[in-house]
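>>> Build me a structure from this.
(2 chains)
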Amino acid sequence: MAVKVIIPAPLRTFAGKNDSAEFQASTVGEALGHLTSKFGDLRKHLYTEEGKLRSFVNVYVNDEDIRYLAKENTPTKDGDTISIVPSIAGGAGETGEA
Amino acid sequence: MATKAEPLAAKAPAAALSKEEILRYSRHLIMPEVGMEGQLKLKNARVLLIGTGGLGAPLGLYLAAAGVGKLGLVDFDVVDFTNLQRQVTFGSSDVGKSKSEAAKARLSNLNPAIEIQSFETQLTSANALELFKDFDIVVDGTDNFPTRYLVNDACVLLGKPNVYGSIFRFEGQATIFGMPEGPCYRCLYPEPPPPGLVPSCAEGGILGVLPGIVGSIQAMETIKLILGRGESLVGRLLLFDALGMKFRELKLRKNPNCPMCGTNRTIHQLIDYYEFCGVRGEEAPAPNLSVPEITPRELKTRLDRGDDLFILDVREPHEYQICNLHGQLIPLGELPRRMHELDSSREIVAHCRSGKRSAEAVDFLRKAGFRKILNLRGGILAWSDEVDPSVPKY
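Now for the predicted structure:
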């Protein structure tokens, strides 16, 4: 199934500056697996060391949150869009300026 | 699924509009969706703005223009020159002034008929509930995670809607949290990201007009809530991509297991949000790397003396174009791959904008075996302050 993964602005630096990527996948987990294989730096921003999706990152298939579907086992079909939606606060950073 | 907006109950309705108010708001009054009844609702509404910066600017301006009867402005910061790129309530003559006071002055001039209260204070767990209780709606225009969680929790505890907006570079989000049947911020994000993961406006940059758009959307949603008109963003996360000029929408569900607003709530009071977000809340966070340093003056002295020093600049190419010390540019992210370009037998001075990234570079290179390497304390900003003021600061 051809699915498109939308990469949000805060994570684009870890994904070669791409704002989206397309993969063949039949579940959300598979699509995210392809994504983190292609962009290794993304992995630690999306997953904990134990391999769980981080809770400040939400994943949607089309407009539904996967937490209310089948989580990473949520099936995907042709043309589905997977959105990664991290929390953004806008403005000052906690650790100050670089 | 979109939710029909419920009108907020007016507490003690103002009796009428004055002749002047009728003229001022005539363009509202001739719309059946507003009319005298709607304008009176606006006059009786009390809205608290948390933050008077990028998002707070259009918020304050449009809510004041619309005739919201009482506006509270919470901001402890002062106007900085770099704010003027996006915080359009302020002018050049406001640099250095208290933001809440400067915003109050601007909004009072726009609409002297409304009551504006400025709170030049940091919002904390100790004062949030007291501050919020005299207002009907809270609008979150803040810029950090601890405050976002604080605003959310205080709104849920008090049963007040939280009109949320946030921005990052070219993207924005907007929704309404805190309505009784709707989700709260924790339903969407139970945990904050670790500090340092999401860059600030100073680090990542921000297109000035973006908070103008998102803040205006927040103002629109606030007005619709007051009027009880249209379909609100409760249960919908609006995503705005400015570069693509696209709006998308995701469904936000109330999480039945949410510790704040779920059926088995476990949080009953405000907490230490800085600790929750892993931030100790210092004004200037203590450097957590101790690396050998050189001050700008010391560097200047040694260069003038003819010492053979290699200047390594670990900033990004677009920063090099703003100003530079003619160093060799290897951005911090590329250092692991490119450190073979460095000669470890030479004495290296690493610098960045303010000394933080270069401290990481020095730490990294020392662990890789470089023995003669120093961090320029304070970066090129300190060089401009202490050695050569002709170097522009940014």
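
>>> what pLDDT does residue 96 get?
You didn't pick a chain, so chain A it is. Model confidence at residue A:96, given as pLDDT, is 29.

>>> that's the wrong chain, I wanted chain B
For residue B:96, pLDDT reads 95.

>>> mind checking how far it is from chain A?
18 Å (CB to the nearest CB, to the nearest Å). No exception for glycine: its C-beta is placed from N, CA and C like everyone else's.

>>> looking at this, residue B:256 is in a strand?
No - counting by DSSP: H, G, I helix; E, B strand; the rest coil, residue B:256 falls outside a strand, being coil.

>>> quick one: contacts for it?
Taking CB atoms under 8 Å, 6 or more residues apart in numbering or on different chains, we find residue B:256 in contact with B:262-263.

>>> what's the worst-scoring helix or strand of chain A on mean pLDDT packed up against?
Sorting the helices and strands of chain A by mean pLDDT, DSSP states H and E puts helix A:43-46 at the bottom, at a mean of 84. Identification of packing neighbours for helix A:43-46 by 3 or more CB pairs under 8 Å, 6 or more residues apart in numbering or on different chains; DSSP states H and E yields helix A:28-38.

>>> Please enumerate residues in contact with the least confident helix or strand of chain A?
A:11, A:14, A:32, A:35-36, A:53-54, A:57, A:84, A:86, B:197.

>>> show me the contacts for residue B:386.
Counting by CB under 8 Å, 6+ apart, residue B:386 touches B:295-297, B:378.

>>> 7 Å instead, please
Going by CB atoms under 7 Å, 6 or more residues apart in numbering or on different chains, residue B:386 touches B:296-297.

>>> Residue B:304 versus that one, what's the distance?
According to CB to CB, to the nearest Å, residue B:386 and residue B:304 sit 14 Å apart.

>>> Quick check on residue 54: phi, psi?
Picked chain A for this. Dihedral angles of residue A:54 (phi, psi; degrees, to the nearest 10) stand at phi -70, psi 140.

>>> Then the one 3 residues further on?
According to degrees, to the nearest 10, the main-chain angles of residue A:57 amount to phi -120, psi 130.

>>> Excluding chain neighbours, what is closest to it?
Excluding the flanking residues, the one nearest residue A:57 by CB to CB, 6 or more residues apart in numbering or on different chains is residue A:86, at 4.9 Å.

>>> Can you give me the neighbour number for the one you found?
As a burial measure, residue A:86 scores 19 neighbours (other CB atoms under 10 Å in any protein chain shown).

>>> isn't residue B:255 right up against residue B:189?
No - in this structure, residue B:255 is not within contact of residue B:189 by CB atoms under 7 Å, at 10.4 Å.

>>> Just give me the neighbour total for the residue of the stretch 101-250 of chain B at minimum distance from chain A.
Using CB to the nearest CB, the single residue of the stretch 101-250 of chain B nearest to chain A is residue B:143, 2.0 Å away. If you count neighbours by other CB under 10 Å, residue B:143 ends up with 23.

>>> What pLDDT is listed against it?
On pLDDT, residue B:143 comes in at 82.

>>> Which of the three states applies to it?
Strictly by three-state DSSP, residue B:143 counts as coil.

>>> what about stretch B:385-394, average pLDDT?
91.

>>> quick one: buried residues of that stretch?
Buried residues in stretch B:385-394, defined by neighbour count with 16 or more other CB atoms under 10 Å in any protein chain shown: B:387, B:391, B:393.

>>> nearest to chain A, of the residues you listed?
Closest to chain A, out of all of those and judged by CB to the nearest CB, is residue B:393, at 11.7 Å.

>>> So what touches stretch B:43-50?
Stretch B:43-50 has contacts (CB under 7 Å, 6+ apart) with B:8, B:10-11, B:13-14, B:17, B:56, B:59-60, B:63, B:67-74, B:123, B:131-132, B:134-142, B:147, B:151, B:222, B:226.

>>> which residues touch the spatially most central residue of chain A?
Chain A has residue A:84 as the residue nearest its centroid, 3.8 Å off, counting by CA atoms, centre = their mean. Shown in contact with residue A:84 (CB under 7 Å, 6+ apart): A:5-8, A:11, A:57, A:59.

>>> How about the backbone phi and psi for residue B:78?
The phi/psi pair for residue B:78 (degrees, to the nearest 10) is phi -110, psi 160.

>>> Now do it against chain A, distance only.
According to CB to the nearest CB, residue B:78 and chain A sit 13 Å apart.

>>> in chain A, which spans are strands?
A:2-6, A:20-24, A:57-61, A:64-65, A:81-86 (DSSP state E).
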